[in-house]
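J.: the sequence isn't on hand, but the structure is:
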Ligand SMILES: Cc1ncc(COP(=O)(O)O)c(C=O)c1O
């Protein structure tokens with residue numbers, strides 16, 4: 001079926017995102033179909049999905065319940081206005097999200113992507129303080145190496161240099177915590193590293209510098225994914241929570257990757273036992289099938305807005321597609337699939353096997369660190385002197401040729417397979433990666 005699809009003969013018009021366009025167009029890599037753990041390439045090969053698409057297809061590909069829900073909803077009601085009108089399934093999905101979220105997360109604001117969730121949460125944070133009469137709290141604190149999407153708010157609080165440096169001045173009033181990567185002390189740690197909780201104390205320095213009364217929120221990924229899987233040192237997130245609470249600063253967890261079972265719990269907040277004031281989500285919310293994101297907030301954050309005349313809009317923010325019916329239907333079917341198949345528990349159960357398999361790569365050529373948590377892992381390579389990223393990109397190309405999909409960021413190989421992965425797939429993924437690395441210059 002899929003193989004009937006013609007490969008286009010002109011690749012010029014599509015300016016591809018986060019892609020080496022010229023390299024790709026000389027030697028294209030096209031997927032034409034997907035099922036469960038595998039993609040099919042245009043030339044008919046099966047490629048094992050080691051990355052759940054882009055950290056999003058947590059239930060695997062083309063899952064029947066999700067496909068059917070989308071088809072049914074498209075035929076029943078394709079779209080309903082998002083402003084001043086409602087439709088039942090957006091409400092149902094919000095309730096379902098609150099049900100699986102940590103206790104205290106009570107409200108859901110819909111977006112279409114992780115980037116929009118982040119910018120939404122930052123705006124809510126600033127507006128929340130203003131609504132409470134603390135309008136001077138406008139500063140936002142992110143973290144070095146953080147990835148919070150690509151919109152201006154997200155790149156301002158984010159800390160990945162290439163995502164920022166060519167885009168001008170960005171938001172003012174932003175500061176950054178230090179990142180938590182301490183390879184000298186923590187290399188090859190299995191799970192959370194021992195060293196680095198003290199890095200959260202840097203927030204006290206930032207507070208002392210700017211004054212707590214000017215700071216609206218701190219945003220971090222509880223486990224930083226896109227920068228190459230950097231885990232929170234033991235005690236770090238607890239410390240951030242204590243300091244933010246002490247100074248009346250909101251804590252936002254960007255759970256765009258860690259949400260929906262990646263670490264073996266619904267959210268990282270539960271996995272690490274730390275309750276933020278807001279959580280940003282997207283990706284696994286609809287199994288990556290339809291664009292959708294959501295910001296979850298505590299009752300306290302939400303309720304601060306529910307004042308003034310009742311006919312007035314409380315938050316001047318939203319998107320044409322916030323809570324889109326087809327996306328909502330996909331979200332409900334996705335949560336059903338996760339629950340019926342026990343996929344969050346499955347991720348937790350498979351995590352030790354995944355950890356052992358990943359760490360078996362220690363000693364493999366070029367490998368200088370391995371990090372893991374839940375069903376996520378990273379293998380860091382020694383960069384080619386003077387040519388950063390080149391070695392990992394070569395590994396990515398070779399891996400694709402050999403039938404596995406991995407992802408690279410800098411000289412780090414990141415993997416985050418669908419939670420339906422079997423042990424035999426893990427063996428194939430890691431075994432093939434070993435061959436690839438041993439064969440690289
Ligand atoms: C933590 C985090 N936040 C935000 C985003 C941006 O999501 P999107 O690409 O859907 O805008 C990502 C994407 O990888 C992410 O990992």
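T.: Arrived safely, thanks for sending. What you are looking at is a predicted structure, and each value in this text was computed from that prediction instead of being measured.
J.: when you work out contacts or count neighbours from here on, use the C-alpha atoms and nothing else.
T.: OK.
J.: check which residues of the helix or strand hosting residue 397 are buried.
T.: Taking DSSP states H and E as the definition, residue 397 sits inside helix 390-401. Buried residues in helix 390-401, defined by neighbour count with 16 or more other CA atoms under 10 Å: 391, 392, 393, 394, 395, 396, 397, 398, 399, 400.
J.: over to stretch 398-413?
T.: For stretch 398-413, the neighbour count (16+ other CA under 10 Å) marks 398-400, 402-413 as buried.
J.: and for residue 20, the neighbour number?
T.: 10 (other CA atoms under 10 Å).
J.: can stretch 287-296 be said to contact the ligand?
T.: No. Using CA under 6 Å from any ligand atom, stretch 287-296 stays clear of the ligand, with a minimum separation of 7.4 Å.
J.: contacts for that stretch, please.
T.: Contact with stretch 287-296 is made by 53, 56-60, 98, 105-114, 116-118, 120-121, 278-283, 285-286, 322-323, 326-327, 330-331, 334, as judged by CA atoms under 8 Å, 6 or more residues apart in numbering.
J.: any idea how far apart the tips of that stretch sit?
T.: Its start and end residues considered, stretch 287-296 measures 18 Å (CA to CA, to the nearest Å).
J.: run the chain-centre distance for it.
T.: Centre-to-centre, stretch 287-296 and its host chain are 11 Å apart (CA atoms, centre = their mean, to the nearest Å).
J.: buried residues of it, list them for me.
T.: Applying a neighbour-count criterion of 16+ other CA under 10 Å, one finds 287, 288, 289, 290, 291, 292, 293, 294, 295, 296 buried in stretch 287-296.
J.: pLDDT and distance to the ligand added to the buried residues of helix 390-401, as CSV?
T.: Below are the buried residues of helix 390-401 laid out as CSV (pLDDT from 0 to 100; distance: CA to the nearest ligand atom, whole Å):
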residue, pLDDT, distance to the ligand
391, 97, 22
392, 97, 18
393, 96, 18
394, 97, 22
395, 98, 21
396, 98, 18
397, 97, 21
398, 98, 23
399, 98, 21
400, 98, 21
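J.: so how far is the helix holding residue 397 from its chain's centroid?
T.: 23 Å.
J.: residues making contact with it?
T.: With CA under 8 Å, 6+ apart as the test, helix 390-401 has contacts from 47, 381, 383-384, 405-413, 432-433, 436-437, 440-441.
J.: could you work out the most separated pair of the buried residues of stretch 287-296?
T.: Among these, the pair separated by the greatest distance (CA to CA) is 289 and 296, at 20.4 Å.
J.: which one is residue 293 nearest to, not counting chain neighbours?
T.: Spatial nearest neighbour of residue 293, chain neighbours left out: residue 282 (3.8 Å); criterion: CA to CA, 6 or more residues apart in numbering.
J.: that neighbour and residue 11, how far apart?
T.: With distances taken as CA to CA, residue 282 is found 29 Å from residue 11.
J.: do the same with residue 363
T.: 41 Å.
J.: neighbour count winner among the two?
T.: Neighbours were counted for residue 363 and for residue 11 using other CA under 10 Å; residue 11 has more, 14 against 10.
J.: how near is the spatially closest residue to the more buried one that is not a sequence neighbour to residue 53?
T.: If the residues on either side of it in the chain are set aside, residue 11 comes closest to residue 25, at 6.4 Å by CA to CA, 6+ apart. Distance check for residue 25 against residue 53: by CA to CA, it reads 20 Å.
J.: swap in residue 318?
T.: Applying CA to CA to residue 318 and residue 53 gives a distance of 27 Å.
J.: between these two, which one's more packed in?
T.: residue 53 (21 against 15).
J.: briefly note if whatever helix or strand that one lives in comes near the ligand.
T.: For residue 53, the host element (DSSP H and E) is helix 52-55. No. Judged by CA under 6 Å from any ligand atom, helix 52-55 stays clear of the ligand, getting no closer than 7.1 Å.
J.: now what about the very next helix or strand once past that helix, what contacts it?
T.: Of the helices and strands lying after helix 52-55 in sequence (DSSP H and E), the nearest is helix 64-76. Helix 64-76 has contacts (CA under 8 Å, 6+ apart) with 325, 326, 327, 329, 330, 333, 334, 337.
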